[in-house]
Structure formats: structure tokens, C-alpha cells
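> sequence and predicted model, in that order:
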Amino acid sequence: MTLAGDYELRRFRPSQWGEEGYGQTRDWIRAVGAGFYEKRRSEELVAKTAAAFVVDGRELTGAYQTGPVPAGALGPEVPVATFATFRKTLNAGYGALVPAHLVTAVTVRTSHRRRGLLRRLMTEDLARAKADGVPIAALTASEASIYRRFGFGVATAERRVTVATGPAFKLAVPTDGRVEAAEPEVLFDLAPSVFERAHRATPGSVDRQERYRHSAAGLWDRDGGGDDLALRAALHFDVDGTPDGYVTYAFRGWEHEPPTMEVRDLVAATPEAYLALWDFLGSLDLVRRVVWNEAPADDPLAWALEDARALRAEAAQDMLWLRILDVPAALEARRYGVDGSLVLDVVDGLGMAAGRYRLAVEGGTAKVSRADGELPDLVLDVAELASLYVGGVRATILREAGRVSEEHPGAALEAERIFAVERPAHCLTHF
Ligand SMILES: CC(C)(COP(=O)(O)OP(=O)(O)OC[C@H]1O[C@@H](n2cnc3c(N)ncnc32)[C@H](O)[C@@H]1OP(=O)(O)O)[C@@H](O)C(=O)NCCC(=O)NCCS
């Protein structure tokens, strides 16, 4: 059998249509589409995807067969495994924007899987990112059972909500500003600036890739196709008339009972904008149900409704996964709401971030030093440290799950206090 070492890995920057190297980019994009069982992409869409990749500054990696390939099968120019990375910022609490290495487009062709290709791609890539000085890596996962072995932990969750609207919907609190309908096209320019404000205000947020503005504007539908003619949009303006939130949504069609509106994207820079946009959705005439797949796990809407049972939520699911590559750099890059000190004994199966560290927080900033001779307060895997990192998961829950070991009573609660963030952590960026 062929092993991971028998494939050639090629790393390259995407090329745009008409440029040298475009064929390699095109084959790579098609391989990713096949890996996720997407519809075949037209030439035009492949070119559009490549152009967006260039804007994102992605690096693409493909694993290529070096041995003979049977005639009629996909040729040696089509990668059997794909992997991509790009750099964005992560909001790690109190507005601290930390450089993050985003991993995406991970596929291994079925006929070449379980030969160690993912392990080779991932371990080589994380080592390169660490050598490059990036403190943290991030991904969003298709399955929750793949990435913990590489030191990734779940940092934020999302859930699908179904909200009864029409007469059943009433907020118990006043909203401010105003919501107005808009053509989705205006979001091509507006969505990035509204998102930027939301990103700076939301722990756990990851800055968005280029495709989002095209989708928000209705120029890139969910199948990756062209114009999304079903898409509608509304903007929230604050009391000074500045747009600080938007929602895009699509009607499911009159054949659906009850009449249902689907939220595609809802970005709010302030809690006021969030509630006002929901108030707008809740009062759409003829609609009796609004669904949203990417709602926060800790959703203020549930508490703002007159009848909290108007909101039904499915179980929260993992959304953002983080991997700490450098413990002192990651913890010092964050900001904190309270002072405190903890000795953390960090276990790391890949050996990249293992060690005993003292985290000392004063005045909102941390100093992290090696603490080899000291007794630890907590012993935890690097995956759990990632789960605590943006305050999206409570340390006492991880202790009760047996994932964090408390070396003396109260240590987990102290960690929870130190890692707490100023607003509920949520990530609205799938990548
Ligand atoms: C998931 C996928 C990338 C794995 O690739 P692969 O090359 O077969 O993985 P490897 O052979 O390197 O295996 C690495 C480890 O992950 C485990 N693993 C791989 N896929 C897994 C899965 N779907 N669920 C649980 N564990 C998995 C392997 O058992 C192996 O474990 P070990 O090293 O601890 O023994 C591949 O199956 C795939 O492309 N799936 C479809 C697309 C997808 O889900 N991509 C992930 C997007 S986030």
C-alpha cells in the first residue's frame, strides 16, 4: 500500500485565470469540491474562487501521486489530498486581536485515505506555522472526531434556532435605532465594515474571508453558483444613522408550512442592533417561523423575548476549534478582566506547546513564564487550554467532564474567573 511519505506535497500560492500556474489552482479547487461532494464548478466559478483565494492570501497544499496512475482514472495532476491556510485575526477577549493561522479545505480522496496523509499535512503545517511565530491555529470541522488528536479544542459553539414569529413574537425590551430594507448589493461594500466592528466587539470572532461579502451581496449562492435571487437584506442604523448591523434572509417558498424565513447571515456590532434586527425578522408579515443555523449558543434573544418558548434551539454544536502553538505568546496576546495567577501544566501529544507555565495577570495583561519547579494548579491538555482561551467554555465544566484536573479545590473556578470575557463568545465565520 502507498503510505503518506510516498506522495509529493506541493505548496503554492493560487493563480488567477490567465496567469501562469492557473491550471494547478483549478485542479486543486476541483479536488476540494469533489472532497466535499459539491456540485461540479463551472469554469467561471473556479476562476471566481481562485480570485477570492488570492485576496485572502491563501497558501494551497496538494498531495500528488508520484507512482503510475491507471489510464482513465483522475490524472497525477489532480491532488489526492488538499489543505489550505491563510492568516486572519481572532478576537481573544476585550478587543485583543490575535494573529491566527486558519486551516481549511482539508480533504483526502477516499481511495487514498487512512494512509496518514491528513496527519502528515497537519503536523507539517502546524510546525511551519509555529516556526513562523503565529501563536494559534484555528479551523471549523466537518466532524467532531478528527482534530482533537492534533491538539485542537472546541472554543465556541453555535446552534440552530427556530423562532415562532408573527403574533407569537414580542420583545420584552425596547430596541433603538431603525431597521430598513436594502438591496443585498449594498452589502458588497458595507458588510466588511459592519463585520469589522462586530469582530472587534465579539470574543471568539475570526475575521472573514473574501467570499463572505460576495455571499452577503447575493453574488455567490450557497452552492457556490452565481446570483442568489432569493436573497433579501435589511440594515440596522444606530441612533446617529450609522449602519451597525445587517441581516440577509431568504423565503423558503409558499409550499412550506408554516411560512418560513431562513436567516443566511446576521451580523450586529452591538447588542442593540442584534435585538432590533430580530425584532424586524419577528415582524415580517405573512411569516410564522424564522430559522437560523448559526445562532450563538448563549443567545440574548432567548432572554429578551416576552415568551421565551417562542425560541426553540437544537443542541449546541462545536463551531470554532483552536490549537495553541505557543502558550506564552497566546496567553500574553489575550486581555483579561480580572487579576490572578495560575500554574498550568499543559500536556501536548504533538509536543509543540507542552510544559508548566505560570500565568500572572495584572491590570488586564498577562505575563507568562516557565514554572518547572512549581506545583501546578491545573493539569490540562493543550486542547482544553484552547477551549478556555476565548472564554467560550467554562473551566468548571471541563473539570466536571474530567478533561481538566484540579490540583487543589477552587483552581478551576479561579481559571474560569481569569479566562472570562466581557461578552458571550461567538464565531460567525465558517472557513
Ligand atoms: C477526514 C479526512 C481528511 C482524513 O484523512 P486521512 O488521510 O484518511 O487521515 P489519516 O490517515 O492521516 O488519519 C489521521 C488520524 O485521524 C483519524 N481519522 C481520520 N478521519 C477520521 C474521521 N472522519 N473520524 C475520526 N477519526 C478520523 C485516523 O484514524 C487517524 O488516527 P490516528 O493517527 O490517531 O491513528 C478524510 O477522511 C476526508 O477527506 N474526509 C472528507 C472531508 C472531510 O471531512 N474533511 C474535513 C474537513 S474539516
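Received the coordinates, thanks.

> for the chain, what lies in contact range of the ligand?
Contacts of the chain with the ligand, taken as Cβ under 6 Å from any ligand atom, map to 35, 106-108, 113-119, 141-143, 145-146, 149. No exception for glycine: its C-beta is placed from N, CA and C like everyone else's.

> which among those residues count as buried?
Buried subset of the residues of the chain next to the ligand (neighbour count, 16 or more other Cβ atoms under 10 Å): 35, 106-108, 115, 117-118, 141.

> need the max-distance pair from those.
Maximum pairwise distance among these (Cβ to Cβ): 20.6 Å, between Arg115 and Ala141.

> returning to that earlier point: keep only those of the residues of the chain next to the ligand that are in helices.
Among these, the members falling in helices (DSSP state H) are 35, 117-119.

> ok, and for stretch 324-342, which residues are buried?
For stretch 324-342, by 16+ other Cβ under 10 Å, it's 324-336, 342.

> give me the subset of those that lies in helices.
Among these, the ones falling in helices (DSSP H) are 327-333.

> could I get the residues you listed as TSV with pLDDT?
As requested, those are exported to TSV (pLDDT from 0 to 100):
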residue	pLDDT
Val327	98
Pro328	98
Ala329	98
Ala330	98
Leu331	98
Glu332	98
Ala333	98
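
> redo those as a markdown table? Include distance to Ala383.
Formatted as a markdown table, these follow (distance: Cβ to Cβ, whole Å):
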| residue | distance to Ala383 |
| --- | --- |
| Val327 | 13 |
| Pro328 | 18 |
| Ala329 | 18 |
| Ala330 | 13 |
| Leu331 | 15 |
| Glu332 | 20 |
| Ala333 | 19 |
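
> closest to Arg41 out of those residues?
Of these, the one sitting nearest to Arg41 (Cβ to Cβ) turns out to be Ala330, at 36.5 Å.

> ok, that closest one - contacts?
The contact partners of Ala330, by Cβ atoms under 8 Å, 6 or more residues apart in numbering, come to 92, 98, 135-136, 324, 389.

> so which of those residues sit within helices?
Among the contacts of Ala330, the residues falling in helices (DSSP H) are Tyr389.

> got the contacts of Ala330 as a markdown table, with pLDDT columns?
Shown next, in a markdown table, are the contacts of Ala330 (pLDDT from 0 to 100):
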| residue | pLDDT |
| --- | --- |
| Ala92 | 98 |
| Val98 | 98 |
| Pro135 | 98 |
| Ile136 | 98 |
| Ile324 | 98 |
| Tyr389 | 98 |
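
> so where's this protein shaky on pLDDT?
1, 224 (pLDDT under 70).

> which stretches of it form helices?
In the chain, the helices defined using DSSP H lie at 22-35, 43-56, 117-131, 187-201, 211-216, 271-282, 300-304, 327-333, 382-389, 395-400, 411-419.

> out of these, which is the most enclosed?
Greatest average neighbour count among these goes to helix 382-389 (a mean of 27), per mean count of other Cβ atoms under 10 Å.

> hmm, who's touching it?
For helix 382-389, the external contacting residues (Cβ under 8 Å, 6+ apart) are 92, 136, 148, 151-155, 321-324, 327, 330, 334, 344, 346-348, 352-354, 393, 395, 398, 403-404, 415, 419.

> now, of these, which are buried?
92, 136, 148, 151-155, 321-324, 327, 330, 334, 344, 346-348, 352-353, 393, 395, 398, 403-404, 415, 419.

> pick the one among the buried residues of stretch 324-342 closest to Leu378.
For those, the minimum distance to Leu378 (Cβ to Cβ) is 6.6 Å, reached by Leu342.

> list the beta-bridge partners for the closest one.
When assigned by DSSP bridges, Leu342 has beta-bridge partners Leu359.

> just give the number of residues close to the closest residue to Gly62 other than its chain neighbours.
Excluding the flanking residues, the one nearest Gly62 by Cβ to Cβ, 6 or more residues apart in numbering is Pro79, at 3.1 Å. Around Pro79 there are 29 other residues, counting by other Cβ atoms under 10 Å.

> who's in contact with the closest residue to Gly21 other than its chain neighbours?
The shortest distance from Gly21 to any non-neighbouring residue, by Cβ to Cβ, 6+ apart, is to Ser15 (3.8 Å). Counting by Cβ under 8 Å, 6+ apart, Ser15 touches 21-22, 24-25, 50, 54.

> Ser15 and the ligand, how far apart?
The span separating Ser15 from the ligand equals 24 Å under the rule Cβ to the nearest ligand atom, to the nearest Å.

> domain parsing of this protein, as residue ranges.
Using automatic domain parsing, the domains assigned to the chain come out as 4-134, 158-317, 334-419.

> centre of the chain to the second one, how far?
If I follow you right, that is domain 158-317. Here domain 158-317 is found 17 Å from its chain centre; the criterion is Cα atoms, centre = their mean, to the nearest Å.

> first-to-last residue distance for it?
Terminal residues of domain 158-317 lie 6 Å apart, using Cα to Cα, to the nearest Å.

> ok, now the first one?
End-to-end distance of domain 4-134: 26 Å, with Cα to Cα as the criterion.

> so how far is that domain from its chain's centroid?
The answer for domain 4-134 is 18 Å, by Cα atoms, centre = their mean.

> strands - which of the buried ones among the contacts of helix 382-389 land there?
136, 153-154, 321-324, 344, 346-347, 404 (DSSP state E).

> closest to Ala371 out of those?
Nearest member of these to Ala371, counting by Cβ to Cβ, is Leu344, at 8.2 Å.

> show me what contacts the closest one?
Leu344 makes contact with 327, 356-359, 376-380, 385 under the criterion Cβ under 8 Å, 6+ apart.
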